[in-house]
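**Q** generate a structure from the sequence data that follows.
(one chain, ligands or ions: 1)
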Amino acid sequence: MKVALIVGTRPQIIKSQPLIKEILSRKSKVSIIHTGQHYDYEMSKAFFKELKIRDPDVNLGVSTGSTSRQLGEIISKLEKPLKKISPDVVVVPGDTRSALGAALSANRMGIPLAHLEAGARSYDNKMEEEVNRRLIDHCSDLLFAPTKNCLKNLHAEAVLGRTYFTGDTMYDVFLEYQKLLKLESHSKEKFVLMTIHRRDNIEDYHKMKKILELAKTISKLGYKVIFPIHPHTKKQISSFKLSLKDIHTIAPVKYSQMLTLLSKTKLLLTDSGGLQKEAFWSNTACITLRKNTEWIETLDKNHNTLLGTIKKSDLYKISRILNSKKQKEKSKPMRLFGNGRASKKIVSILLKQF
Ligand code: UD1
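**A** Alright, predicted model coming up:
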């Protein structure tokens, strides 16, 4: 079997790692195509290195710029390498612009298309990613749902491709690194971890200001706020001339560092998709600075709380989490995202077809 896997961003590289390993261990071929959507070293190359993925076979080097320009470039630039590789199947992970571009390209070229992380929905069409994943799901031939709820969403939309509940490959890689790093979730330290990068937050001056004010208030409560800062967020904060005083900003961290911080923090404040799940798996309290989430499983027993608009009264909620001595009740989250063997299941399905 010959697979072409298309990635372009940090979360796509992470969720593809166990799949690449599995394809290669089953004596099949995988060509890795990077669109170049994330180009900073610490957002891309660093992950290939750390997760021991060989360098991409092709880098499309798409230019930065408007969504439509980037999308157009991805679709047209993919044609040549896909023709040359002539894969049995194109696999696209997640919901990025790179994933949508690749899906459309494969579809137009008549190459079977498989979607990793199919069926995730926030039901918020203002999110670029929500529209991307809906379109990808509706032109995919094979759809790999990470949770039963995602599978249910696909059935409700009557997608045309074949659907499978496989579990989440992000959970596969999470378990591998949790074991490797010997991470434990019972000893929390006195700091709060924060990551913010969603356009909805960072492109809105008032929202961004409120988030930073919240972080500063938390730091006045005696909790260091550690903020690995996404390059887009950094640019926006500086163009808004907002201050980062009292917030401990650091460059984006490696995957292993992120999982280590996550296992030790009292609380994660985030708008990331992937980190909400990882906090859940790490038994770490999470406040998601969004109105909605595609990972409704994490809302179980208040492991994750949505905070679309920050109000003064929210500080009370936060200080209760910070001051609680009790460990969060360990729910049975794990099976919700599979059993850590999603990649094995996916590759078995692919091998039956190709
Ligand atoms: C979101 C978007 C996705 C976009 C990406 C941009 C949604 C639903 N999806 O994904 O389309 O491409 O943002 O970044 O909004 N991590 C590190 N180091 C860090 C920060 C994060 O290793 O400093 C790891 C996390 O542990 C996790 C992954 O990166 O595994 C999450 O990546 P993140 O950038 O937060 O992306 P998402 O919000 O999941």
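**Q** I'd like to know which elements the lowest-mean-pLDDT helix or strand in the chain is packed against.
**A** Ranked by mean pLDDT, DSSP states H and E, the weakest helix or strand in the chain is helix 314-323, scoring a mean of 85. Helix 314-323 sits against helix 205-220, strand 267-270, strand 285-288, with contacts defined as 3 or more C-beta pairs under 8 Å, 6 or more residues apart in numbering; DSSP states H and E. Where C-beta positions appear, they are placed from N, C-alpha and C, glycine not excepted.
**Q** among those, which is nearest the ligand?
**A** strand 267-270 (7.4 Å; C-beta to the nearest ligand atom).
**Q** put the alpha carbons of that closest one into PDB.
**A** Provided in PDB are the C-alpha atoms of strand 267-270 (Å, rounded to 0.1, in the frame of the first residue of the first chain):
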ATOM      1  CA  LEU A 267      -5.100  24.600  35.800                       C
ATOM      2  CA  LEU A 268      -4.900  24.900  32.000                       C
ATOM      3  CA  LEU A 269      -6.400  28.000  30.400                       C
ATOM      4  CA  THR A 270      -6.600  27.400  26.700                       C
END
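**Q** so which of the helices and strands packed on helix 314-323 is the most surrounded?
**A** Ranked by mean neighbour count, the helices and strands packed on helix 314-323 are led by strand 285-288 with a mean of 25 (mean count of other C-beta atoms under 10 Å).
**Q** list the contacts of the helix or strand just after that one.
**A** Moving toward the C-terminus from strand 285-288, the next helix or strand (DSSP states H and E) is strand 304-306. Strand 304-306 has contacts (C-beta atoms under 8 Å, 6 or more residues apart in numbering) with 276, 279-280, 286-288, 290-293, 295, 298-299, 317.
**Q** does strand 304-306 reach the ligand?
**A** No - applying C-beta under 6 Å from any ligand atom, one finds strand 304-306 separated from the ligand by no less than 13.5 Å.
**Q** try stretch 108-119
**A** No - applying C-beta under 6 Å from any ligand atom, one finds stretch 108-119 separated from the ligand by no less than 9.5 Å.
**Q** what's the span of that stretch from first residue to last?
**A** Start-to-end span of stretch 108-119 (C-alpha to C-alpha, to the nearest Å) is 22 Å.
**Q** before we move on, what about stretch 33-50?
**A** Span of stretch 33-50 from end to end, C-alpha to C-alpha: 18 Å.
**Q** residues of the least confident helix or strand of the chain that come out buried?
**A** Residues Ile318, Ile321, Leu322 are the ones in helix 314-323 that count as buried (16 or more other C-beta atoms under 10 Å).
**Q** same deal with stretch 38-45?
**A** For stretch 38-45, a neighbour-count test (16+ other C-beta under 10 Å) marks His38, Tyr39, Glu42, Met43, Ser44, Lys45 as buried.
**Q** how far away is Thr67 from Met127?
**A** With the distance defined as C-beta to C-beta, to the nearest Å, Thr67 ends up 12 Å from Met127.
**Q** these two - which one has more neighbours?
**A** More neighbours surround Met127 than the other of Thr67 and Met127, with 19 against 11 (other C-beta atoms under 10 Å).
**Q** you'd agree that one is up against Asp200?
**A** Yes - with contact defined as C-beta atoms under 8 Å, Met127 counts as touching Asp200 (7.1 Å).
**Q** what residues does the stretch 1-150 of the chain put near the ligand?
**A** Checking the stretch 1-150 of the chain against the ligand by C-beta under 6 Å from any ligand atom, the hits are Thr9, Arg10, Pro11, Ile14, Asp95, Thr96, Glu129.
**Q** neighbouring strands - and their directions - for the helix or strand hosting Leu5?
**A** For Leu5, the element it lies in under DSSP H and E is strand 2-7. Take DSSP bridges as the rule and strand 2-7 pairs in its sheet with strand 29-34 (parallel), strand 89-93 (parallel).
**Q** all strands of the stretch 1-150 of the chain, in order?
**A** According to DSSP state E, counting those that start in this stretch, the stretch 1-150 of the chain carries its strands in the segments 2-7, 29-34, 58-59, 89-93, 113-116, 142-145.
**Q** pLDDT value on the nearest residue to Asn59 once chain neighbours are set aside, please?
**A** The spatially closest residue to Asn59, leaving aside those adjacent along the chain, is His34, at 4.7 Å (C-beta to C-beta, 6 or more residues apart in numbering). As predicted, His34 sits at a pLDDT of 96.
**Q** quick one: His34 and Thr9 touch, right?
**A** No - the pair His34 / Thr9 is not scored as a contact, 9.6 Å apart, by C-beta under 8 Å.
**Q** picking up where we left off before, chain center to the helix or strand following the least confident helix or strand of the chain, what's the gap?
**A** The helix or strand immediately downstream of helix 314-323 is helix 342-353, counting by DSSP H and E. Put simply, helix 342-353 sits 22 Å off its chain's centre (C-alpha atoms, centre = their mean, to the nearest Å).
**Q** in helix 342-353, what counts as buried?
**A** Quick answer for helix 342-353 (16+ other C-beta under 10 Å): Ala342, Ser343, Lys344, Lys345, Ile346, Val347, Ile349, Leu350.
**Q** correct me, but the second one touches Thr169?
**A** What that stands for is Ser343. Yes - if you go by C-beta under 8 Å, Ser343 and Thr169 touch, sitting 5.2 Å apart.
**Q** now do the helices in the stretch 151-300 of the chain.
**A** Applying DSSP state H, counting those that start in this stretch to the stretch 151-300 of the chain gives helices spanning 169-180, 199-202, 205-220, 231-239, 255-264, 273-281.
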